[in-house]
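J.: got a predicted model here, sequence first, then my questions.
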Amino acid sequence: MSFHFSVYSSPLLFGFVQAWVYAVLLWVRGRREERLSDGLLGWVLVGMGFNIWEYMLGFGGIEILWRELEFSPRNFGYLFAPLCYFYLKSQVNADFRFSWRDARHAIPFLIFIAYHLAVFSQGHAFVEQWKMAVQYPYHLEDVEFIVGVLINVYYLILSLRLYRQYRAWIKTQFSETDTISFRWFRNFLVALTATTLFSLVMTLLSVAFGLNYWQNWWDELAGVVLIYYVSINGYAQTQPGHRLTFSDDLPVSTLPMTESIPVFDPIPEADSLAAAIPAIVPRSAGLVSDLVVLKTNLLAYMEIEKPYLDPDLSLSDLARRMHTNPVVLSQVINTGVGKNFNDFVNEYRVEEFKRQVREPANAHLSFLGLALDCGFNSKATFNRAFKKFTGASPKAFAET
């Protein structure tokens, strides 16, 4: 049994090898650095490899899957989409570990595996008889295909929701979010969705026009492109310096509040603040006045100590410096100031830049140099924040 190299089989073979090489690299790094996300991404790549290996072997002249192994499970199938979802969960939560509750995500896959193994174990003759008597007449192949599409859509929605919640959460916890925004995963979901849709279109065209094995090759090539993209970019993905602990298991009422919170006067009356404090903050005697005092102390601390000059400042860092609880401090910022933590800190940085840029002693410094001195850690973050809080570009502001 030899593999025949051709313009059809070779690209698929290279993609299959690429998936396994990077999977091993990710498993080794994940074990060395104790990072579950690397291990899961390795399995995602293996799943992508098995998605194309049927065509790879077929075009290579190896027909064992259609003879000796007919009806045996050949890929990750229903388990692939959950793997992608859990990869994202492990990225945004360094403390994430699988529990027995997570086993429910594997139920469709286990049912599929049990069914196919039960039929396959009866021998090749039984498999052929089963296909003609049950599998084809009752359209079970079509049912399996439709269930697969529904599972993919379901986990895509879960992943997008998790990603959106995470992006909202980091704005309440960190003053710099570019390095932990995981735009890579958003791009991965877009690429995976585009590849899946293309494969679906090719399948429908194959059914409608009776495309043969060779004409239905292009979606397999798209799978190879996806493997190269995910393996290279996924392995090179910069890991956050912060230990991220976001979880979507929290009740909605306990998630940090965002921009929708109304803005209050600099030092609101105790009764007004009491009405605005969310239910998650205990309303014991004297607590509201304590929060008003904490807000006053916070604003004074920001002006005097200037903690915003630290580019890696986080909510927990600021709470530790002020000897308070991060949850309480978050509510003071969200409710009393009317901003999330990211905007709260970056506005101070913008104001500091506005002061510094007018100093004659700083005339020799570039805008970026000044921005870095004011706590920003990238040009993109600085420009975006400056435009948001002033409505103008740094250059236009300096010229006024």
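T.: Nice, thanks for sending it over. Residues are numbered from 1 along each chain as shown.
J.: domain parsing for the chain?
T.: The chain resolves into domains spanning 9-236, 252-399 when parsed by automatic domain parsing.
J.: among the ones you listed, which gets the worst mean confidence?
T.: Confidence, taken as mean pLDDT, is least for domain 252-399 of the domains of the chain (a mean of 78).
J.: returning to that earlier point: T245 is nearest to which of the domains of the chain?
T.: In terms of C-beta to C-beta, the element of those nearest to T245 is domain 9-236, at 5.5 Å. Using the backbone N, CA and C atoms, a C-beta is placed for each residue, glycine as well.
J.: how long is that closest one from one end to the other?
T.: Across domain 9-236, the straight-line distance between its terminal residues is 28 Å, by C-alpha to C-alpha, to the nearest Å.
J.: can you pull the contacts of A398?
T.: Counting by C-beta atoms under 8 Å, 6 or more residues apart in numbering, A398 makes contact with V357, F367.
J.: next, the buried residues of the helix or strand hosting it.
T.: Assigned by DSSP states H and E, A398 falls within helix 394-399. Neighbour counts over helix 394-399 (16 or more other C-beta atoms under 10 Å) mark P394, F397 as buried.
J.: export that helix as CSV, just CAs?
T.: Listed next in CSV are the C-alpha coordinates belonging to helix 394-399 (Å, rounded to 0.1, in the frame of the first residue of the first chain):
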residue,chain,number,x,y,z
PRO,A,394,-3.3,64.5,19.4
LYS,A,395,-1.8,66.5,16.6
ALA,A,396,-4.9,68.7,16.2
PHE,A,397,-5.1,69.2,19.9
ALA,A,398,-1.5,70.3,20.2
GLU,A,399,-2.0,72.8,17.4
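J.: off-centre distance for the lengthiest helix in the chain?
T.: When every helix of the chain is counted residue by residue (DSSP state H), the longest turns out to be helix 140-173. In terms of C-alpha atoms, centre = their mean, to the nearest Å, the centre of helix 140-173 is found 11 Å from the chain centre.
J.: okay, Y308 and Y78: tell me how far apart.
T.: Using C-beta to C-beta, to the nearest Å, Y308 is found at 48 Å from Y78.
J.: circling back to that earlier point, skip ahead from the longest helix of the chain and say which helix or strand is next.
T.: For helix 140-173, the following helix or strand on the C-terminal side (DSSP H and E) is helix 183-209.
J.: so L200 touches I146, yeah?
T.: No. In this structure, L200 is not within contact of I146 by C-beta atoms under 8 Å, at 11.0 Å.
J.: rewinding a little: so which of the domains of the chain comes closest to L244?
T.: Distance to L244, taken as C-beta to C-beta, is lowest for domain 9-236 among the domains of the chain, at 5.4 Å.
J.: contacting residues around the helix or strand hosting Q18?
T.: In this assignment (DSSP H and E), Q18 forms part of helix 9-33. The list of residues contacting helix 9-33 from outside it, by C-beta under 8 Å, 6+ apart, reads 3, 5, 35-39, 41-43, 45-46, 48-49, 52-53, 55-56, 59-61, 220-221, 223-224, 227-228, 231-232, 234-235.
J.: buried residues in it?
T.: Judged by neighbour count using 16+ other C-beta under 10 Å, the buried positions of helix 9-33 are 9, 11-13, 15-16, 18-20, 22-23, 26-27, 29-30.
J.: repeat that for stretch 143-155.
T.: Of all the residues in stretch 143-155, those buried under the rule 16+ other C-beta under 10 Å are G148, I151, N152, Y155.
J.: closest one of these to L69?
T.: G148 (19.9 Å).
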